[in-house]
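Visitor: Here you go, sequence then predicted model.
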Amino acid sequence: MGGADKAALVVGDARIIDRQLAVLRTVADDVRIVADDRNRYSGIGVRVIPDRIANAGPLGGLHAALLDAAHDRVVVLACDLPFVTAALLERLLVEFGSGEAIDAVVPRSARGVEPLCAVYAVRCADAARKRIERGELQVLGLLEDVRVLELGPDAVAPYDDGSVFLNVNTPHDYARATGRVELNEKPFKDRITE
């Protein structure tokens, strides 16, 4: 997106970040944003934390979120997913359960594993740090180092109308997302009160 703040893009009648916060607040009592520019999210009413390790990309953001967590499990959500639902996040949390036998619950959509729409145990922070120190910055790689419960496409299907994992990485993706809203979605302000 040419360096654009993807979270600030408007999809339908709300910014992606506002859509996500509304959903996250239904499943979590402690919501945070990981971003190096705290001013970008000032006034949102959410604590903003910086990466603990600079230039580590999304894995660095995940690492920071795990280190700063108030609870033993963390819902992680990439900033470019405008259509994530509370129902999907609730299912991930239920599958995580007590978290004693697993370290992460990660959905697999038709396009592949979705490690940035998942639930992680805070104990994954050490594995993330070790990967970052080795220069292995792909979030998918972290899943090789922790115990993962993967929810396959059949388990995810009831929560996905084809848009839940639609991410906005390119102008074409953004056009698809806005077009999808124009065709299918009720106004955002009406959905959050249901």
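Guide: Right, received. Where do you want to start?

Visitor: Phi and psi next, for residue 8.
Guide: phi -90, psi -10 (degrees, to the nearest 10).

Visitor: The protein: strands as residue ranges?
Guide: 10-11, 14-15, 32-34, 47-49, 73-77, 104-109, 112-113, 117-121, 148-151 (DSSP state E).

Visitor: closest one to residue 85 among those strands?
Guide: strand 117-121 (10.3 Å; Cβ to Cβ). For glycine as for every other residue, the C-beta is placed from the backbone atoms N, C-alpha and C.

Visitor: Compute the inter-axis angle for that closest one and strand 104-109.
Guide: 160 degrees (axes from the mean of the first three to the mean of the last three Cα atoms, to 10 degrees).

Visitor: angle of strand 117-121 against strand 73-77?
Guide: 160 degrees.

Visitor: And the contacts of strand 117-121?
Guide: 62, 66, 72-78, 81, 84, 88-89, 92-93, 95-96, 99, 102-107, 146, 164-165 (Cβ atoms under 8 Å, 6 or more residues apart in numbering).

Visitor: got the contact list for the most centrally placed residue in the chain?
Guide: In the chain, the centroid-proximal residue (Cα atoms, centre = their mean) is residue 77; its distance is 0.8 Å. Counting by Cβ under 8 Å, 6+ apart, residue 77 touches 20, 24, 84, 89, 116-117.

Visitor: mind checking pLDDT for it?
Guide: In this model, residue 77 is scored at 97, pLDDT.

Visitor: just residue 176 next, same as before
Guide: At residue 176, the model reports a pLDDT of 89.
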